[in-house]
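>>> could you work out the structure for the sequence below:
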Amino acid sequence: MGNHPGSSYPPAIFLMGPTASGKTDLAMALCQHVPCDIVSVDSAMIYRGMDIGTAKPTPEELARAPHRLIDICDPSERYSAADFRRDALREMAQITEAGRIPLLVGGTMMYFKALLHGMSGLPSADPELRARLEQEAAENGWPALHRELAARDPVAARLIHPNNRQRLLRAVEVLRLTGRPISSFWQAAGGSGREDDGDFTYITRWQADEAAPLPYTVTQLAVAPSDRAVLHDRIEQRFQHMLQAGFLEEVRALMARGDLHPGLPSMRCVGYRQAWEYLAGDCDYDTFVGKGIAATRQLAKRQLTWLRKWSDVHWLDSRDKLVVSAALKKLGLRTTFK
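Got it, this is the predicted structure:
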């Protein structure tokens with residue numbers, strides 16, 4: 001997948017892994033040894049004003065190793081995998097033209113997939129149509145949109161839960177824009193659209209087009225503790241640290257803006273959704289903390305599920321004291337650095 005030994009494509013490095021696995025620390029260390037520039041692959045770090053809950057690198061870390069594609073969106077905005085692919089390719093080209101190597105770091109696996117394989121030919125989001133659809137949903141209820149989808153695209157309606165507003169909105173949007181069911185795009189990309197395909201296959205076939213490979217020689221690294229219990233402990237510790245650092249105050253400030261709501265992709269990010277519920281009075285503090293930690297562990301589980309299905313990945317144990325040396329060795333096997 002994307003690796004072409006001896007190819008004339010310029011080099012790029014993917015550093016993937018579940019949340020709290022040590023990706024940022026390893027990336028910063030690699031920057032000391034390899035002439036690379038970091039591109040963030042994180043669907044939460046794109047948002048301005050969402051720093052603590054996304055574990056965004058500190059100003060000191062960013063001064064040492066700038067990260068591209070963080071703080072590029074307001075939390076009120078939507079940003080798709082297609083948007084990421086466009087922006088990442090632009091940043092990668094700039095880095096390559098400067099004689100350096102793009103180091104793409106993050107845990108948003110759909111972004112990595114879109115970058116590797118391109119998009120499926122689905123139309124871009126239409127802000128005016130989105131606004132009309134959201135207005136219709138506000139007036140008639142989201143189930144009405146789901147009934148429209150079920151009538152015109154029963155395959156997609158079976159796969160998209162009525163409460164999954166983001167995907168429901170996208171499916172109806174594609175219907176209105178093209179007159180074609182979104183499931184026909186999945187099937188054109190090789191998918192069956194069956195319910196039992198599972199979430200990984202469903203998202204992949206929705207987003208990806210295998211016919212558009214990434215024009216880079218990619219070395220793919222994945223970092224995680226070999227013991228899942230260690231990752232769970234790290235997640236709990238990091239969540240508690242975020243709370244001590246002022247995470248709830250950060251979410252209060254976002255709520256106080258008045259233009260955000262829990263249905264937005266930004267406010268559905270892990271941790272933010274649970275904090276919003278707590279601050280809105282929907283649960284007590286201990287329940288909020290428990291839900292936040294559990295949701296983060298579930299995110300890590302989903303990320304690991306994606307990675308286990310990934311091909312041509314070099315795994316690294318983040319607990320290994322020599323993990324930087326191990327990463328450099330893997331890179332040396334694949335890429336010649338000058």
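>>> what's the mean pLDDT across the helix or strand hosting Lys113?
Using DSSP states H and E, Lys113 maps to helix 109-117. On average, the pLDDT along helix 109-117 is 89.
>>> ok, then the element right after it?
On the C-terminal side of helix 109-117, the nearest following helix or strand under DSSP H and E is helix 127-140.
>>> now do that next one: distance to the chain's middle.
Mean-position distance between helix 127-140 and its chain equals 25 Å (C-alpha atoms, centre = their mean, to the nearest Å).
>>> in that helix, what's buried?
With burial defined by 16 or more other C-beta atoms under 10 Å, the residues of helix 127-140 counted as buried are 133, 137. Yep, even glycine has a C-beta here, placed from its N, CA and C like the rest.
>>> now it: average pLDDT?
The predicted model assigns helix 127-140 a mean pLDDT of 93.
>>> show me what it is packed against.
helix 142-152, helix 165-178 (3 or more C-beta pairs under 8 Å, 6 or more residues apart in numbering; DSSP states H and E).
>>> turn those helices into CSV, including distance to Trp276 and mean neighbour count.
Below are the helices and strands packed on helix 127-140 laid out as CSV (distance: least, C-beta to C-beta, whole Å; neighbours: other C-beta atoms under 10 Å):
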stretch, distance to Trp276, mean neighbour count
helix 142-152, 18, 17
helix 165-178, 15, 19
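>>> lowest average pLDDT across the ones you listed?
helix 165-178 (a mean of 90).
>>> who are the packing partners of that helix?
Judged by 3+ C-beta pairs under 8 Å, 6+ apart, helix 165-178 is in contact with helix 127-140, helix 142-152, helix 182-188.
>>> tell me, how many residues neighbour Met50?
24 (other C-beta atoms under 10 Å).
>>> hmm, Asp74 and it touching each other?
No - the pair Met50 and Asp74 fails to qualify as a contact (C-beta atoms under 8 Å) at a distance of 10.1 Å.
>>> sorry, back to before: buried residues, the helix holding Lys113. List them.
For helix 109-117, by 16+ other C-beta under 10 Å, it's 109-117.
>>> circling back: possible to save the helices and strands packed on helix 165-178 as a markdown table with distance to Glu97?
Rendered in a markdown table, the data for the helices and strands packed on helix 165-178 read as follows (distance: least, C-beta to C-beta, whole Å):
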| stretch | distance to Glu97 |
| --- | --- |
| helix 127-140 | 32 |
| helix 142-152 | 44 |
| helix 182-188 | 33 |
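>>> quick one: which of those is nearest Pro59?
Each of the helices and strands packed on helix 165-178 has some distance to Pro59 by C-beta to C-beta; the shortest is helix 127-140, at 32.5 Å.
>>> so for stretch 63-83, mean pLDDT?
94.
>>> any weak-confidence spans in the stretch 201-338 of the chain?
Residues of the stretch 201-338 of the chain meeting the criterion pLDDT under 70: 201-213, 333-338.
>>> all helices for it, in order.
Taking DSSP state H, counting those that start in this stretch as the criterion, the stretch 201-338 of the chain carries its helices at 228-244, 247-256, 272-279, 285-308, 323-334.
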